[in-house]
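Chemist: this is the structure alone, sequence omitted:
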């Protein structure tokens, strides 16, 4: 321990020790480091599942730091106020953190950095949450990429620095500031009885993330492209959960993926493409913040989306009567995650067959996903709805039944999650009734619901709505010429 002024390291979605540039520089300086996690408005505004899962990540990071002789300080309040209090208490001269790219994060961080610099402090933000900074990837015209494939081609062969090692030691201050107790924050309160169910399906912390990556590369990456859309197969990495909280860095995954590719696993390239799809989302939300809340394509403003109603509630509850949609929605409630192909199917059904505003789906995912990500969630919903960048055309309407036949040919996925379809339902299907709100009054003895809409009728209605909207736009454009 030393009397040298400490560095305050503000941790957010970077809850790991290795390949952590801000932590690496702070530890290498030899100065005392005071890691702090702040329960601010951004944390308070999280949905039930992501807030609960974040709390588990914070607890794990606290234990990891303790093993290094350090400590994670917990404080609640506005970030600027908390940091100023810590500076006053500790005599710190420097504050560091890993950058965020969502609109609310940028607004908060810009305010905090400016104020702390005015206070005479050294303030530095670091990369670490993405592979490529949004301002470092540009088209030939100097703009940002609005279509994914050209961006992939632009970054595919870029040099990415090797991941940094975890610090061997982290200097401690002579006196640690006071800390809140994590339990007092009750970050899992809104999960209610669902926490115990979802806890069976999560993998918390850096070691778990590395284990996931290793298992995927050893057993599944060779068949990733050919099997990743299969609902009845465990073909994906599962790393979205850990990336969300920074329990593993994108650089660590990138280099591991390239090693697999060079070792002869050609389908590893498709895995790397998915990592860049995540980058694409962050670049877009940085350059066009409206992605998070508004139609990315302005021509979709005025589209006659529907709002709340019985059909939306049936969708949330996995009671639409469309088996693969219901299975996916129950998987979400039991595991806190959903197969990526299934995400496209449930989003398409909501926004196209039911004509419901994509923002209602976005918000439900933000409530239920343990891998909720502000950029990926918003872009994914808009991509399927047709209002977003690189969007599927509106006339591309997934038929859930034919998709189920193709990607769940023996109905194994549907049987895993739908209790009403079996005389002896598996535990996964029964767990839905243990996790869902009692107010829903659902039972595995319920009969399967009738479809909320005929799929053919829903498709035709959606195409008609899109056609009418386009014709109305054309008339409005002509009127203004």
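Modeler: Noted; the coordinates are in hand. Predicted, not measured: the structure shown is a model, and the values here were computed from it.

Chemist: who touches the longest helix along the chain?
Modeler: Ranked by residue count, the top helix of the chain under DSSP state H comes out as helix 455-479. Under the criterion C-beta atoms under 8 Å, 6 or more residues apart in numbering, residues 299, 302-304, 322, 352-355, 386, 394-395, 397, 399-401 lie in contact with helix 455-479. All C-beta atoms are positioned from the backbone trio N, CA, C, and that covers glycine.

Chemist: give me the buried stretch members for that helix, please.
Modeler: Within helix 455-479, the residues scored as buried using 16 or more other C-beta atoms under 10 Å are 455, 458-459, 461-462, 465-466, 469.

Chemist: that older thread, may I see the ChimeraX selection of the buried members of the contacts of helix 455-479?
Modeler: To isolate the buried members of these in ChimeraX, using 16+ other C-beta under 10 Å:
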select :303,322,352,353,354,355,386,394,397,399,400
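
Chemist: restricted to helices, list the contacts of helix 455-479.
Modeler: 400-401.

Chemist: list the contacts of residue 335.
Modeler: Listed by C-beta under 8 Å, 6+ apart, the contact set of residue 335 reads 198, 201, 370.

Chemist: so which of these is the closest to residue 414?
Modeler: Proximity of the contacts of residue 335 to residue 414 (C-beta to C-beta) peaks at residue 201, which lies at 18.2 Å.

Chemist: skipping adjacent residues, who's closest to the closest one in space?
Modeler: With C-beta to C-beta, 6 or more residues apart in numbering as the criterion, residue 201 has its nearest non-adjacent residue at 4.0 Å, and that residue is residue 335.

Chemist: one more: residue 50?
Modeler: Spatial nearest neighbour of residue 50, chain neighbours left out: residue 372 (4.2 Å); criterion: C-beta to C-beta, 6+ apart.

Chemist: what about that neighbour, which SS state?
Modeler: Assigned by DSSP: H, G, I helix; E, B strand; the rest coil, the conformation of residue 372 is coil.

Chemist: where does the stretch 251-400 of the chain dip in pLDDT?
Modeler: By pLDDT under 70, the stretch 251-400 of the chain contains no weakly predicted segment.

Chemist: helices along that one, start to end?
Modeler: Assigned by DSSP state H, counting those that start in this stretch, the stretch 251-400 of the chain shows helices spanning 268-287, 310-316, 323-335, 340-348, 358-368, 374-385, 400-407.

Chemist: dump these into JSON lines; add distance to residue 253 as well.
Modeler: Output for these, formatted as JSON lines (distance: least, C-beta to C-beta, whole Å):
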{"stretch": "helix 268-287", "distance to residue 253": "6"}
{"stretch": "helix 310-316", "distance to residue 253": "32"}
{"stretch": "helix 323-335", "distance to residue 253": "21"}
{"stretch": "helix 340-348", "distance to residue 253": "16"}
{"stretch": "helix 358-368", "distance to residue 253": "22"}
{"stretch": "helix 374-385", "distance to residue 253": "15"}
{"stretch": "helix 400-407", "distance to residue 253": "25"}
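
Chemist: would you mind finding the most buried of those helices?
Modeler: Ranked by mean neighbour count under mean count of other C-beta atoms under 10 Å, the helices of the stretch 251-400 of the chain are led by helix 323-335, which reaches a mean of 26.

Chemist: what angle do that one and helix 400-407 make?
Modeler: 70 degrees (axes from the mean of the first three to the mean of the last three C-alpha atoms, to 10 degrees).
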